[in-house]
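1. can you look at this prediction? I've put the sequence above it.
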Amino acid sequence: MIKKSLITLSLITGCFFAPIKNATAQTTSDSKMNAKVDEILAEMTIEEKIGQLNLLNPGGGVATGAVVSDNVQQKIKDGEVGGLFGVAGPDKIRIAQDYAVNDTRLGIPLLIGSDVIHGYKTTFPIPLGTSASWDLEMIKKTAQIAAQEATADGINWNFSPMVDIARDPRWGRIAEGAGEDPYLGSQIAKAMVEGYQGDDLTKENTMIATVKHFALYGASEAGRDYNTTDMSRVKMFNEYLPPYKAAIDAGAASVMSSFNDVDGVPATGNKWLLTDLLRDRWGFDGFVTSDYTSLNEMIAHGMGDLQDVSALALKAGLDMDMVGEGFLKTLKKSLDEGKVTEEEITTAARRILEAKYKLGLFEDPYKYLDENRPEKDILSEESRAFSRKVAAHSFVLLKKDARVLPLQKNAKIALVGPLANNKNNMLGTWAPTGDPQLSIPVLEGIKNVAPKAKISYAQGANITDDKQFAENINVFGPRAEISETSPEKMLEEALKVAKKSDVIVAVVGEASEMSGEAASRTNLLIPESQKKMIRELAKLGKPMALVLMSGRPLNISEESELNVDILQVWHPGVEAGNAIADVIFGDYNPSGKITASWPRNVGQVPVYYSMKRTGRPGEAEGFEKFKSEFLDVDNSPLYPFGYGLSYTDFEYSDIKASSEDLTMDGTITLSATITNTGEHDGEEVVQLYIHDKVRSITPPMKQLIGFEKMMLKKGESKTVTFEVSADDLKFYNSSLEHVAEAGEFEFFIAGSSDNEFKNTFTLKE
């Protein structure tokens, strides 16, 4: 059976204008919207226009920031609010919408936003985990289910997807994105936007998607959150901007500015970013919101006082101010003083009104407030079952040398570790709408999947013994609790149950809030409290598997040297325990591949597969003086991008091109045969990488341009083919022109980025 993957990058890194599917219908729709919005704007005072630019958080609901708004009810009645977030439920939102519709002069309804990052009540794995599935249809469906549930609770605007490229695992928000690669990140960004928005925003189960954080936030210096960024335009266009562009091309109706600066100007007030690039070059026609108080924070950046930065942001192209109220408090004064124009205020207000029109709120302000929907649409059995499936597909088998997994369902198991029977950490970071107490811990999942297994449980260790560290982690509730039982006693109990068992399963890693926003780490090790437990258990010589939870790549060099199997499960979501049990007992053969390289130690960071060659590349075995190498560790990561094992084994052969030459207006087919040579049926993520040997700016060592996920029964072979054109080989040159240059290209097709080039083709003029 031949699988075909048509690799089309034009919508991801290519042309700047998205195609119009039905120009006549689009023009008619726009005409009606323009007429309605023009009618409303003609009636509005300048104060009412400014009010539409104000996004408030009334507090008392979902905590997503340190500041909450005051006197919200009165501000709505005074026409000073365009949208709310941090509130959910048809009954509560109806009260707020009543104030806007019935108690204001023009009755303009509110936008209702929320951070629905990886599911609403049905929580899926963290996005870094979901990306490891490499399953775009599955990822799209997670967004569809999230939209179904969130809209049932009255929410019509989502602050997701986060598409920041992240190559520094010290940065906690790496957990929220798709990892290090612009091609994969672009594909996932597109899938998420399409999942949230569907093909019609007026439907009651679709919602506005917000692309964030625009832009470059994942490149914060030192991996420290909210920190500065600095990079060349060439690096921006080739490596960091493509996922944002893909989301815009997919029709995302909203964009959120980032906290960091770009070329020395904070993104929230950066005209080149928000207008020249986003609107003029990319053709974005939606609205831009700030991140949480990022407008006000430009004061601390050194850009002036509140009036200065508010005027700067409006003129740059910001349409809505999240929580800070800088627009509300200063724009009228700036208008009177000639620092902003009425046209600029009107343009921003127009974009907010257009979003409300696209949602159908002017026809029915209460369309999302059906009180019968929450019980029917939220946390259904079908959605939970799908969350379980997604989680299992996201797990990555990092090591299988010990061949402990999969376990027998009647095994005598010692289940140990601080995350083995812990509901509070299953959902992962940025799950503010989920309920940890509805999650399935690992112990319960094992009992559900293997009721005949003989399980002995012991906590074994605290997540951390460091009280200050635990306090920093526990901002949103107990995540790293320190037991009253001494560490010595807990370890003794773990060793006792391990000695009586046939196999050890240790569930270890990070608490959920050890990654995420404001959760940067300089130490990427598993906490010492748990490392000590792992060392002592390993000394017993029993078959042992580590089930590793984290929101980021960790440094597990020590653990990888042990005679253990290692299964990376991220933070798997509401069905965590069931999904983990499905995999460790072999009901599902793990197929995940990591989407961010795992370093050998923190000193290697950043390490990623598509780094550029130097003039003195370190490529020999062992250390060479005067080469680009470290004295104490290899250049290569511990686990490279695209890596992941299976309970079975796959062999690649007959990797070839259909022709030696590719013309600028033609196509070429690259293919390989994949054979399942192991003893289990399994899925494999087949990946295509190229290398442009000579070009006008230095090329990356390897570049992903395609992938295909396929199922192979044991003993089965399949051929995968990728059709490639010159468009797929384009890059942004030093003049930021999108070009393909004639020359020789190397390529390989394999199960990870850590492979040698197998063949070549030549692009001809």
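-> That came through, no problem.

2. going forward, measure contacts and count neighbours with C-alpha atoms only.
-> OK.

3. which residues touch Leu312?
-> Neighbouring residues of Leu312 by Cα atoms under 8 Å, 6 or more residues apart in numbering: Gly269.

4. one more time with 10 Å
-> 268-271, 295, 298, 303-304, 306, 318, 339-340 (Cα atoms under 10 Å, 6 or more residues apart in numbering).

5. with adjacent residues omitted, what lies nearest to Met322?
-> If the residues on either side of it in the chain are set aside, Met322 comes closest to Leu55, at 4.8 Å by Cα to Cα, 6 or more residues apart in numbering.

6. what is the burial count for Thr347?
-> 17 (other Cα atoms under 10 Å).

7. what values do phi and psi take at it?
-> phi -60, psi -40 (degrees, to the nearest 10).

8. from Met320, how far off is it?
-> 11 Å (Cα to Cα, to the nearest Å).

9. repeat that for Asp634.
-> According to Cα to Cα, Asp634 and Met320 sit 48 Å apart.

10. so which of those two has more stuff around it?
-> Shown here are Asp634 and Met320; by other Cα under 10 Å, Met320 has more neighbours (29 against 16).

11. need the contact list for Phe731.
-> 13-14, 234, 237-239, 695, 697, 699, 737-741.

12. again, only using 6 Å
-> 738-739 (Cα atoms under 6 Å, 6 or more residues apart in numbering).

13. how many other residues sit next to the closest residue to Ala250 other than its chain neighbours?
-> If the residues on either side of it in the chain are set aside, Ala250 comes closest to Lys190, at 5.5 Å by Cα to Cα, 6+ apart. Neighbourhood size, Lys190 [other Cα under 10 Å]: 26.

14. domains in this structure, by residue range?
-> 44-375, 386-599, 650-764 (automatic domain parsing).

15. and the last one, how far out from the chain's middle?
-> Going back to what we said before, that points to domain 650-764. Once both centres are worked out by Cα atoms, centre = their mean, to the nearest Å, domain 650-764 turns out to sit 25 Å from its chain's centre.

16. pLDDT on it, on average?
-> Regarding domain 650-764, the rounded mean pLDDT is 98.

17. over to the second one?
-> Domain 386-599 shows an average pLDDT of 98 in the prediction.

18. you'd agree Ala740 is up against Lys730?
-> Yes. Using Cα atoms under 6 Å, Ala740 is in contact with Lys730, at 4.2 Å.

19. where is the longest helix in the chain?
-> helix 23-43 (DSSP state H).

20. using CSV, write out every CA atom in that one.
-> Extracted in CSV, the C-alpha atoms of helix 23-43 (Å, rounded to 0.1, in the frame of the first residue of the first chain):
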residue,chain,number,x,y,z
ALA,A,23,-14.8,35.3,-3.4
THR,A,24,-18.5,36.1,-4.2
ALA,A,25,-19.8,34.7,-0.9
GLN,A,26,-16.9,36.4,1.0
THR,A,27,-17.6,39.8,-0.6
THR,A,28,-21.4,39.5,0.2
SER,A,29,-20.7,38.6,3.9
ASP,A,30,-18.1,41.4,4.2
SER,A,31,-20.5,43.9,2.8
LYS,A,32,-23.2,43.0,5.3
MET,A,33,-20.7,43.1,8.1
ASN,A,34,-19.4,46.5,7.0
ALA,A,35,-22.8,48.0,6.8
LYS,A,36,-23.8,46.8,10.3
VAL,A,37,-20.5,47.9,11.9
ASP,A,38,-20.6,51.3,10.1
GLU,A,39,-24.2,51.8,11.4
ILE,A,40,-23.0,51.1,15.0
LEU,A,41,-19.9,53.3,14.7
ALA,A,42,-21.9,56.2,13.4
GLU,A,43,-24.0,56.1,16.7
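
21. buried residues in it?
-> 33-34, 37, 41 (16 or more other Cα atoms under 10 Å).

22. sorry, back to before: so which of the contacts of Leu312 is surrounded by the most neighbours?
-> Thr268 (36 neighbours).

23. wait, that residue sits on Val255?
-> No. Look at Thr268 against Val255 with Cα under 6 Å: they stay out of range, at 11.0 Å.

24. what secondary structure does Glu363 sit in?
-> coil (DSSP: H, G, I helix; E, B strand; the rest coil).

25. just the pLDDT at Ser29, thanks.
-> Value for Ser29, per-residue pLDDT: 78.

26. how close does it get to Ala209?
-> To Ala209, Ser29 is 20 Å away according to Cα to Cα.

27. quick one, helices of the stretch 551-700 of the chain?
-> Secondary structure of the stretch 551-700 of the chain (DSSP state H, counting those that start in this stretch): helices located at 557-560, 576-584.

28. single out the most deeply packed of those helices.
-> Among the helices of the stretch 551-700 of the chain, helix 576-584 has the highest mean neighbour count (mean count of other Cα atoms under 10 Å), at a mean of 27.

29. can you tell me which residues contact the residue sitting nearest the centre point of the chain?
-> Central residue of the chain (Cα atoms, centre = their mean): Gly177, 2.0 Å from the mean position. Gly177 makes contact with 127-128, 162-163, according to Cα under 6 Å, 6+ apart.

30. what's the closest of these to Leu645?
-> Within those, distances to Leu645 taken as Cα to Cα reach their minimum at Leu128, with 17.5 Å.

31. secondary structure class for the closest one?
-> helix.

32. state the number of residues packed around it.
-> Neighbourhood size, Leu128 [other Cα under 10 Å]: 26.

33. verify the contact between it and Ala175 for me.
-> Yes. With contact defined as Cα under 6 Å, Leu128 reaches Ala175; the gap is 5.1 Å.

34. re the thing from before, which among the helices of the stretch 551-700 of the chain is found nearest to Asn424?
-> helix 576-584 (11.3 Å).

35. packing partners for the closest one?
-> Applying 3 or more Cα pairs under 6 Å, 6 or more residues apart in numbering; DSSP states H and E, one finds that helix 576-584 contacts helix 381-394, helix 442-449.

36. swap in 10 Å and give it another go.
-> The contact analysis (3 or more Cα pairs under 10 Å, 6 or more residues apart in numbering; DSSP states H and E) places helix 576-584 against helix 381-394, helix 442-449, strand 544-549, strand 565-568.

37. now the helices for the stretch 201-350 of the chain?
-> Using DSSP H, counting those that start in this stretch, the helices of the stretch 201-350 of the chain run over residues 233-235, 242-249, 271, 298-301, 306-316, 326-336, 342-358.

38. what's the most buried one of those?
-> Burial of these is given as mean neighbour count (mean count of other Cα under 10 Å); helix 242-249 ranks first at a mean of 28.

39. gap between Asp634 and Gly615?
-> Distance of Asp634 to Gly615, computed by Cα to Cα: 18 Å.

40. excluding its backbone neighbours, what's nearest Val569?
-> Nearest residue to Val569 in three dimensions, chain neighbours excluded: Phe395, at 4.7 Å (Cα to Cα, 6+ apart).

41. cool, and Thr719?
-> Residue nearest to Thr719 in three dimensions, not counting chain neighbours: Thr673, with 4.3 Å by Cα to Cα, 6+ apart.

42. run through the bridge partners of the one you found.
-> Ser653, Thr719 (DSSP bridges).
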